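Asks: Okay, structure incoming, though there's no sequence with it:
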């Protein structure tokens, strides 16, 4: 169970999530996304970007909180009953945890095991949608059983994922952890992104 400080922080994050889910239409959108991902034939791969997709849809804090709620220990989740969320939001959260929580947790644990990944390929494609052309990336993970798994997401989702990885690795790096060639590639890639996304005068 949660101590006093953890309970306070938990309450703040849940209320922030509830505000992001305040519109019934938004509740439907999130449920549709969860249902689509968890019934996909490429589920293990698609769930890899689920948190980033929810962050784009709801906001960074709310997206992370929702994935945490769906996969957290049941005893912690049940403390929601004392927090006073709007009834419809609470009912949806409870139902989502029952429908999606275990499969999402299992898939994330599977994908976060680097020993299971033999290699990867990344490519780009342009998708024609009602809103126009959308730049997407496609990441294919190859496992030791030689079964490829892939997922497709908009460029913003992948770039957000790259930023997350760099931020989380950064504090733990040693002076010789990254070779000069990789550092040069990172700098060149960032400069290219800045050039391509800067407004043209």
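Replies: Nice, thanks for sending it over. What you see is a predicted model, and the numbers here were worked out from it, not measured in a lab.

Asks: Might you list the low-confidence residue ranges for this structure?
Replies: Applying pLDDT under 70 to the chain flags residues 1-7, 44-45, 76-83, 110-118, 143-147, 201.

Asks: For stretch 187-201, report the contacting residues that lie outside it.
Replies: Residues external to stretch 187-201 that are found in contact with it (Cβ atoms under 8 Å, 6 or more residues apart in numbering): residue 159. For every residue, glycine as well, the C-beta is placed using N, CA and C.

Asks: switch to 7 Å and redo it
Replies: Among residues not part of stretch 187-201, none is counted as a contact by Cβ atoms under 7 Å, 6 or more residues apart in numbering.

Asks: do stretch 27-43 as well
Replies: 21, 46-47, 50, 53, 57, 88, 92, 96, 100, 103-104, 107, 149-151.

Asks: One more pass at 6 Å, please.
Replies: Among residues not part of stretch 27-43, those counted as contacts by Cβ atoms under 6 Å, 6 or more residues apart in numbering are 21, 46, 47, 50, 92, 100, 103.

Asks: Measure how far it is from the centre of its chain, please.
Replies: In this view, stretch 27-43 has its centroid 13 Å away from the chain centroid, taken as Cα atoms, centre = their mean, to the nearest Å.

Asks: For that stretch, buried residues please.
Replies: Along stretch 27-43, the positions that meet the burial threshold by neighbour count (16 or more other Cβ atoms under 10 Å) are 27, 30, 34, 37, 38, 43.

Asks: and the residue nearest the centre of the chain, what is it in contact with?
Replies: In the chain, the residue lying closest to the centroid (Cα atoms, centre = their mean) is residue 51, at 1.8 Å. Contacts here follow Cβ under 6 Å, 6+ apart; on that basis residue 51 touches 63, 67.

Asks: returning to that earlier point: dump the buried residues of stretch 27-43 to JSON lines, plus distance to residue 188 and secondary structure.
Replies: Supplementary listing: the buried residues of stretch 27-43 in JSON lines, determined by distance: Cβ to Cβ, whole Å; DSSP: H, G, I helix; E, B strand; the rest coil:
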{"residue": "27", "distance to residue 188": "43", "secondary structure": "helix"}
{"residue": "30", "distance to residue 188": "37", "secondary structure": "helix"}
{"residue": "34", "distance to residue 188": "37", "secondary structure": "helix"}
{"residue": "37", "distance to residue 188": "33", "secondary structure": "helix"}
{"residue": "38", "distance to residue 188": "38", "secondary structure": "helix"}
{"residue": "43", "distance to residue 188": "35", "secondary structure": "helix"}
